[in-house]
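This is a predicted model, with the sequence first.
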Amino acid sequence: MSQSKPLKDRNFDNLASRFASNIYQTTKGKIRQAVLLRDLLELAELATPTAILDVGGGQGQLALKLAALGHQLHLTDISAEMLQLAAEEAKNQGLSAQLQISQSSLQDLPQRLGGQAYPLVLCHAVLEWLAEPEAAISQLRQLVQPGGIVSLMFYNQDAHRLSNIIYGNFAYVQAGLKAKKPVRLNPQQPLPPQQVLQWCQQAGFALLSKTGVRCFHDYLRDRSQQQSHYAELEALELQYNRQEPYASVGRYIHLLLRA
């Protein structure tokens, strides 16, 4: 019997342009950005200019939004191609002075930073691409100051299962959500929210808040409404995505954690 290949951390060199068109520039990318900004800008820590570490921040869409608000961002990613696009966009927006860029994996960051820690650390849509997501939680703990905050967003296994049942992908669900031919931009390892929360608590984090990201967007019967009724859809996402049961069916879960 053949054995599945061990998972490897994913590097998105050569796929950066596809990420921009397939994710960042779509309605699902716009909702993700709106939700994360709403959650982050409510933090008292961002009431004044703050140093922020963005781990696995890719092309820097969120980092540049925060830099434009006066914060100092340190953007890191394993992909040189992603970071080059971020640097070019920072220059275009006149934000280069507020954006430090480092090519590094999460695993190497504690050593690369020499013990430096930040009051706010972002880690969005990274865990589900890692071979050892549990270890990543402890690594994030090393990067945040005592009493600081980690903003953690990850791909929700429960919502992934629900959506595939709704879509009629019964064989895929019965196979344990294992695809014969994985789609390159689909996360390789959706994560159970309760398991992730347990890892966070074991690493010494306290949960401040939980938000669902795309609680309704992906489940619309008429997908054309994702664009034709985007304003109404975004408003409903922001209104209900912290309430259960909606928060738990978001395609991503966003946790704010206190160190």
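Happy to help now that I have it.

How about residue 120: what's its closest non-neighbour residue?
residue 52 (4.7 Å; Cβ to Cβ, 6 or more residues apart in numbering). Where you see a C-beta, it was placed from the backbone N, CA and C, and this is true even at glycine.

Would you mind giving me the confidence score for the one you found?
On pLDDT, residue 52 comes in at 98.

who touches it in this structure?
Contacts of residue 52 were listed using Cβ atoms under 8 Å, 6 or more residues apart in numbering, and they are 63, 66, 71, 72, 73, 74, 118, 119, 120, 121, 122.

Bridged to it, which residues?
Listed beta-bridge partners, residue 52: residue 73, residue 120 (assigned using DSSP bridges).

gap between it and residue 244?
Counting by Cβ to Cβ, to the nearest Å, the gap from residue 52 to residue 244 is 29 Å.

now residue 157
Relative to residue 244, and taking Cβ to Cβ, residue 157 is found at 17 Å.

What strand or helix carries residue 165?
For residue 165, the host element (DSSP states H and E) is helix 157-166.

tell me which residues of that helix are tucked away?
Residues of helix 157-166 classed as buried: 157, 158, 159, 160, 161, 162, 163 (neighbour count, 16 or more other Cβ atoms under 10 Å).

which of these lies closest to residue 193?
Using Cβ to Cβ, residue 158 is the member of the buried residues of helix 157-166 that sits closest to residue 193, with 6.4 Å.

pretty sure the closest one is touching residue 249, no?
Yes. At 7.3 Å, residue 158 and residue 249 qualify as touching, with contact defined as Cβ atoms under 8 Å.

Tell me if I'm right that residue 207 and residue 257 touch.
Yes. Using Cβ under 8 Å, residue 207 is in contact with residue 257, at 6.2 Å.

Which one's more surrounded, these two?
Taking neighbours as other Cβ atoms under 10 Å, residue 207 and residue 257 compare with residue 257 leading, 25 against 12.

Does residue 208 fall in a helix, a strand, or a coil region?
strand (DSSP: H, G, I helix; E, B strand; the rest coil).

What count of nearby residues applies to it?
Residues near residue 208, counting by other Cβ under 10 Å: 14.

which neighbours do residue 207 and residue 257 share?
residue 200.

What's the first helix or strand after the helix holding residue 165?
For helix 157-166, the following helix or strand on the C-terminal side (DSSP H and E) is helix 170-174.

Buried ones in the following helix or strand past that next one, by neighbour count?
As assigned by DSSP H and E, the chain's next helix or strand after helix 170-174 is helix 193-202. Within helix 193-202, the residues that count as buried by 16+ other Cβ under 10 Å are 193, 196, 197, 199, 200.

Does the first one touch residue 153 like I think?
Think residue 193. No. The pair residue 193 / residue 153 is not scored as a contact, 11.4 Å apart, by Cβ under 8 Å.

which residues are in contact with both of the two?
Common neighbours of residue 193 and residue 153 (criterion: Cβ under 8 Å, 6+ apart): residue 253.

hey, where'd the helices end up in the protein?
Under the criterion DSSP state H, the chain carries helices at the ranges 16-19, 27-41, 61-68, 80-92, 109-112, 133-143, 157-166, 170-174, 193-202, 225-228, 230-240.

could you redo those helices as TSV and give each row distance to residue 213?
Output for those, formatted as TSV (distance: least, Cβ to Cβ, whole Å):
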stretch	distance to residue 213
helix 16-19	17
helix 27-41	5
helix 61-68	12
helix 80-92	20
helix 109-112	24
helix 133-143	17
helix 157-166	9
helix 170-174	22
helix 193-202	12
helix 225-228	14
helix 230-240	8
